[in-house]
Every structure is written in C-alpha cells, then in structure tokens.
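Enquirer: Dropping the sequence and predicted coords here.
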Amino acid sequence: MSKKSKSDRTKEFIIEQVAPVFNKKGYVGTALSDIEKVTSLTKGAIYGNFGNKNKLAEACYEHNIRPLQRGVHNAISTTGGALAQLTALLNFYRTHFDQLADNGGCPLLNTAIEVDDTSPLMKDKVQRSILNWKNELCAVIRKGQLDDEIRSVVKADKFSTTIIAMIEGGIMLAKAMDDKIYFLDVMDSIEFKINNELKIK
C-alpha cells in the first residue's frame, strides 16, 4: 500500500475537522473563521487544498454520509430473509439515533433541506444518496417477494420511498422537539407497516 502524501493527509485532516461543523451549522452558516478555528489553518492553507468552500463542502458531505451509507448497507445485507433485513435496518437507526443527534442530525436530511434551491451540485449528491438507498431497499423487498416472504402486490419502489420518508421525518421531528420518543414512535410505525402490509400472513 502506497504511503499517503502530505497533501492527502492534510486534506483528510481538514475534512475530519470541518465535516461535523458543516453538518451542525450548515454549508452556508459555516464561516471561514469556523473552518480556521477547528483546523488551526489559514485561509490559504485551506483553499490551497480544496480550491474553494464548495469543494470542501462536497468532500465533507461525502465524509458525513459514508458511515451512514455503510451502516444501512450492512444492516440490510445481514443473513436472513427480507423481513429480517428490514427489521435490522430499523434497529440500526434505533441504535445510532443518539450518535446522529449528537453530530447534528442526519447529514442527508440536513443537506437536502439546505441545498434544495441553492446548490445544484450538492443537490445532485443528495439525490444520488437517496436513489442508492431506495434501490437497496427495493432489492430487499423484491427478493422477499421472490422468496414468498413479502406480498406480491406490494410496490417495492413506493414502499421504499415511504420507509425513507418516515425515517428522515422521524429524525427531523425528534431533533426539532428535542425528544427521541418522536423518532422511536416512527420506527415502531414502520415496523408495524412491515409486519402488516408486507408480510405474507
């Protein structure tokens, strides 16, 4: 394995320090002074590595979303049938909600809200993240249908969209109300839908 260059190590350091700030304060709300403070680097050193704030924001989004994507993928790739995989997904979010909340909330949700009408490139990244998540869920549901676990009349794409919307909405409510129970109630509602609308009786 080749040794990382000093430039690569510096970029990684900047991303690791700045990514949590972007997630909590937003890409617009994060000032250069915030970036300088957490990195102890000058504007020249920061922009010398990324060119501009937008490039840094893109790198930080990827850094913030990657562990979440990995966790979701691992949860729905567990051994067992489709219903067990979907339950594992819910349990992943239940287990990691506190960590998400402490880090400023879901980076997908935060970024989607902020860049909706302000940054086409960041919006494209958000859309790709959502589509990847939706495609993974659709694959699980369709496999469950082939294995006679899930009702054939279920529309995989629509149900996957509903799961994503409920999870992200639950996070939003819990953060807004400073009360985890809002999120847990939504997780229970999703589990009810899975057991009563997907599962073959």
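Expert: Yes, it's here.
Enquirer: Quick one, grab the pLDDT at Glu114.
Expert: As predicted, Glu114 sits at a pLDDT of 88.
Enquirer: what's the answer for the one 3 residues further on, then?
Expert: Looking at Asp117, its pLDDT is 74.
Enquirer: so how many other residues sit close to it?
Expert: 7 (other C-beta atoms under 10 Å). The C-beta positions use only the backbone N, C-alpha and C, and glycine is treated the same way.
Enquirer: what are the phi and psi angles of it?
Expert: phi -120, psi 20 (degrees, to the nearest 10).
Enquirer: One more: Lys199?
Expert: phi -60, psi 130.
Enquirer: Please apply the same query to Ile150.
Expert: phi -120, psi 140.
Enquirer: ok now do it, which residues does it touch?
Expert: Taking C-beta atoms under 8 Å, 6 or more residues apart in numbering, we find Ile150 in contact with 82-83, 141, 144, 198-200.
Enquirer: tell me the two of the residues you listed that are most distant?
Expert: Ile141 and Ile200 (12.5 Å; C-beta to C-beta).
Enquirer: Compare those two (neighbour count), which wins?
Expert: Set Ile141 next to Ile200 and count neighbours by other C-beta under 10 Å: Ile141 wins out with 26 against 13.
Enquirer: wait, isn't that one in contact with Thr162?
Expert: No - checked against C-beta atoms under 8 Å, the pair Ile141 and Thr162 is beyond contact range at 11.1 Å.
Enquirer: ranges for the helices of the chain?
Expert: Per DSSP state H, the chain carries helices over the ranges 6-25, 32-39, 43-50, 53-75, 82-102, 107-115, 120-146, 156-177, 181-193.
Enquirer: and these, which is most packed in?
Expert: A comparison of these by mean neighbour count, using mean count of other C-beta atoms under 10 Å, puts helix 107-115 on top with a mean of 20.
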